[in-house]
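Participant: Next comes the sequence, and after it the predicted model I'd like to discuss.
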Amino acid sequence: MSVESTDPAKVLLIDKPYEWTSFGVVKKVRYLLKLKKVGHAGTLDPLATGLLILCTGKKTKEIENFMGLPKEYTGTFILGKSTPSHDLETPFDEENDISGLTSEKILEVISHYKGDIMQTPPQHSAIKVDGKRAYNSAREGKEIELKSRPVTIHEFECEIDLPNVNFRITCSKGTYIRSLVRDIGIDLECGACLTALRRTKIGSYSVDDAYTIDTLPTLEEFRK
């Protein structure tokens with residue numbers, strides 16, 4: 001009997017915990033619900049939390065459709081500090097004075113990142129170059145060339161409480177929030193680092209409707 005005929009074809013919404021990898025969530029769900037065929041529709045960084053869409057059985061054939069949906073994120077970045085990974089995965093490597101920064105200047109720079117923009121993925125990313133994940137090369141101290149690509153920032157709302165900026169962003173597939181934060185820090189000539197990130201929506205799917213690892217349906221419930 002094929003894998004597709006034994007595993008239910010379902011969509012499962014999971015609220016990914018902090019420091020878990022997306023594959024770690026897939027592995028846990030596969031084990032708890034006794035599934036053979038499970039895939040996720042879009043990676044979340046280990047230090048990010050929030051909505052992860054899992055597809056099981058024949059539904060895995062539709063993963064690309066989910067990946068193409070717009071995303072919503074909330075989070076915080078700090079100005080005046082930066083790290084090689086542009087988040088807290090790596091230690092701070094630079095600190096700059098931000099006493100001259102004003103809310104007006106920050107908002108002006110942020111306004112340039114609304115709409116269609118070109119974005120270069122971070123060195124610490126899962127993108128493959130010559131068959132190797134970029135983050136593996138970065139951890140070995142090797143800098144590789146990553147090509148810029150078009151993305152769209154549909155909404156970018158923020159609340160400034162220096163040195164922190166709290167935000168809500170809706171964006172297209174393939175947008176790296178860490179790259180967005182990095183580029184804002186460069187434009188402000190002070191550096192910036194993402195300190196918190198949560199994916200709240202993927203298309204019409206909301207993290208409010210998601211299971212946590214501790215509240216997954218039982219095996220019997222899932223297979224109904």
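Facilitator: Nice, thanks for sending it over.

Participant: So what's the residue count around Cys158?
Facilitator: 17 (other CB atoms under 10 Å). No exception for glycine: its C-beta is placed from N, CA and C like everyone else's.

Participant: got a list of what it touches?
Facilitator: Taking CB atoms under 8 Å, 6 or more residues apart in numbering as the criterion, Cys158 is in contact with Ile106, Leu107, Ile110, Val165, Asn166, Phe167, Arg168.

Participant: helix or strand for the first one, which one?
Facilitator: Using DSSP states H and E, the secondary-structure element containing Ile106 is helix 103-111.

Participant: Just after that helix, pick out the following helix or strand.
Facilitator: Going down the chain from helix 103-111, the next helix or strand is strand 115-119, by DSSP H and E.

Participant: Can you list the strands that that next one pairs with?
Facilitator: Strand pairing for strand 115-119, using DSSP bridges, gives strand 149-161 (antiparallel).

Participant: Next secondary structure after the partner strand?
Facilitator: Counting by DSSP H and E, the next helix or strand C-terminal to strand 149-161 is strand 164-171.

Participant: So among the contacts of Cys158, which ones count as buried?
Facilitator: Ile106, Ile110, Val165, Phe167 (16 or more other CB atoms under 10 Å).

Participant: Stretch 193-211: end-to-end distance?
Facilitator: The first and last residues of stretch 193-211 sit 29 Å apart, counting by CA to CA, to the nearest Å.

Participant: for that stretch, what is the average pLDDT?
Facilitator: Stretch 193-211 shows a mean pLDDT of 98.

Participant: Stretch 38-45 too?
Facilitator: Stretch 38-45 comes out at a mean pLDDT of 92.

Participant: can you map out the strands along the protein?
Facilitator: Here the chain has its strands, by DSSP state E, at 11-16, 38-40, 49-56, 71-79, 81-82, 94-95, 115-119, 128-129, 132-133, 149-161, 164-171, 192-202, 205-206.

Participant: which one of those lies closest to Asn65?
Facilitator: Nearest to Asn65 among those is strand 49-56; the distance by CB to CB comes to 9.5 Å.

Participant: Check this protein and tell me which residue is nearest its centre.
Facilitator: Among the residues of the chain, the one closest to the centroid is Leu44, at 4.1 Å (CA atoms, centre = their mean).

Participant: how about it, phi and psi?
Facilitator: Phi and psi for Leu44, reported as degrees, to the nearest 10, are phi -110, psi 140.

Participant: For it, list the residues it contacts.
Facilitator: If you count contacts by CB under 8 Å, 6+ apart, Leu44 has them with Lys16, Ser22, Gly50, Leu52, Arg199.

Participant: any idea how far it is from His112?
Facilitator: Using CB to CB, to the nearest Å, we find Leu44 at a distance of 26 Å from His112.
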